[in-house]
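>>> turn this into a model:
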Amino acid sequence: MATTLDPGELAARVRRDAERSVLRLRNGLKHAAGVGRPTLSRTPRDVVWRSEKAELWRYRSDDRQVRTPLLFVHSLVSRSYVFDLVPGNSVVEAMLGQGFDVFLVDWGVPDELEAANTLETYTDGYIPRIIDHVAELTDSEVNVFGYCFGGVMSMLSVAGNASPVRSLAVQATPVDWSRMGPFTTLLQQGRLEPDQVIDQTGNVSEDVMLNSMRVVQPIGEITQYVDLWQHLWNDQYVAAHQVMTHWATDHIPFPGAAFRQTVDLFARRNLLMTGHVPLGGRTVDLSAITVPFLNILGEKDTLVPAESSMPATGLVGSDDAEEFRHPAGHVGLVVGRTAHKKYLPALGDWLRRHSDPVTEGDTR
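A predicted model of the protein is given here:
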């Protein structure tokens, strides 16, 4: 039996739909023209270390409550500003708000000079030096957080080097590469060779990296535009959409030498799953990681499926090893309302339990 709407309610719905139509038109024109896009990565910071294109940023804060610093290690194939998108939607801002002393390593944009960078360049070179520098600046051991491929590098670095690390957390980190997507499958099967995607600079171009993501989510962009149309009247949704689509398509090249190793060691031989990886003339054993360990994975992650990330917890040698499973996608673990209400506070609680508080008179 049909339900008859109250005339007043019907009028309110018509008025709401008319208002939303006007807002859709306005926001649609602004979106198409690229007008009004939020300014990215606005949290004040200082460059406290630099080597070649790599930089270490320390974020300013007048309310540090945790003495043990937090170091974010980002992936090699996307921009690090995903940690600091816009006010109110920033991991850095959230961690500063919880009283942490926050550092972030930015790898810069590789060109011909970085084409020869190997995995060891990062795991045995940059990352240990950066950890040592953070420890020197703060007179403390360091909490390390590795995101995506940055988690792979962080695990290999902590396992293979004596660094002043207090704890290690990784998020959306590929360990079982047999569970990765179609692009990895092509490499595993030998239907695609590394040299076929390495360009004249000696690197895998940003376009190849972007298209490899699109292979995993072939209708992802269509779905995003459908969602955008449905919410085009909502200023906040449009702003968030602009930020995320900008970051999701803003890839950087993958250093060629490191890519060849990644294909051989991980995609084809799946050696991370064995816990033993040959690097720098020795075998790095993941069971050498004995500091408190946290493995964060997204149950809806299509880029790094949860099944690929799960084994990390059992491969480390830590007596204190935990796993956080969240009903989120790859980016939803760090971006968006739910991340800031649930996931990031849970991360902060775990890090705080493995940190020292600031003591009276501490002037770092």
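
>>> for the residue nearest to Pro305 when sequence neighbours are not counted, list the residues it contacts.
Closest residue in space to Pro305, ignoring its immediate chain neighbours: Arg179 at 5.3 Å, by CB to CB, 6 or more residues apart in numbering. (C-beta placed from N, C-alpha, C; glycine too.) Neighbouring residues of Arg179 by CB atoms under 8 Å, 6 or more residues apart in numbering: Pro305, Glu307, Ser308.

>>> quick check, pLDDT for Asp207.
Listed pLDDT for Asp207 reads 83.

>>> can you tell me the closest non-neighbouring residue to it?
Among residues not flanking Asp207 along the chain, His251 sits closest, at 7.9 Å (CB to CB, 6+ apart).

>>> could you pull out the strands for the chain?
For the chain, strands defined by DSSP state E occupy the ranges 45-51, 54-59, 70-73, 102-106, 142-147, 165-171, 203-204, 254-255, 276-279, 282-285, 293-298, 321-326.

>>> of all these, which lies closest to Thr338?
strand 321-326 (8.2 Å; CB to CB).

>>> mind checking how far that closest one is from the chain centre?
16 Å (CA atoms, centre = their mean, to the nearest Å).

>>> in it, which residues are buried?
Ala321, Phe324, His326 (16 or more other CB atoms under 10 Å).

>>> partner strands of it, parallel or antiparallel?
In the sheet, strand 321-326 lines up against strand 293-298 (parallel) (DSSP bridges).

>>> are any of the contacts of Arg179 buried, and which?
Taking 16+ other CB under 10 Å as the criterion, what is buried in the contacts of Arg179 is Pro305, Ser308.

>>> so what's the closest residue to Phe259 other than its chain neighbours bridging to?
Distance criterion CB to CB, 6+ apart; nearest residue to Phe259, sequence neighbours excluded, is Val204 at 5.1 Å. According to DSSP bridges, the partner residues bridging Val204 are Ile198, Phe254.

>>> state the pLDDT value of the residue nearest the centre of the chain.
For the chain, the residue sitting closest to the mean C-alpha position, by CA atoms, centre = their mean, is Tyr147 at 4.1 Å. You'll see Tyr147 listed with a pLDDT of 95.

>>> not counting sequence-adjacent ones, nearest residue to it?
Take Tyr147 and drop its neighbours on the chain: the residue closest to it by CB to CB, 6+ apart is Gln171, 5.3 Å away.

>>> burial measure for the closest residue to Val197 other than its chain neighbours, as a count.
Closest residue to Val197 apart from its sequence neighbours, by CB to CB, 6+ apart: Val208 at 4.9 Å. Residues near Val208, counting by other CB atoms under 10 Å, number 19.
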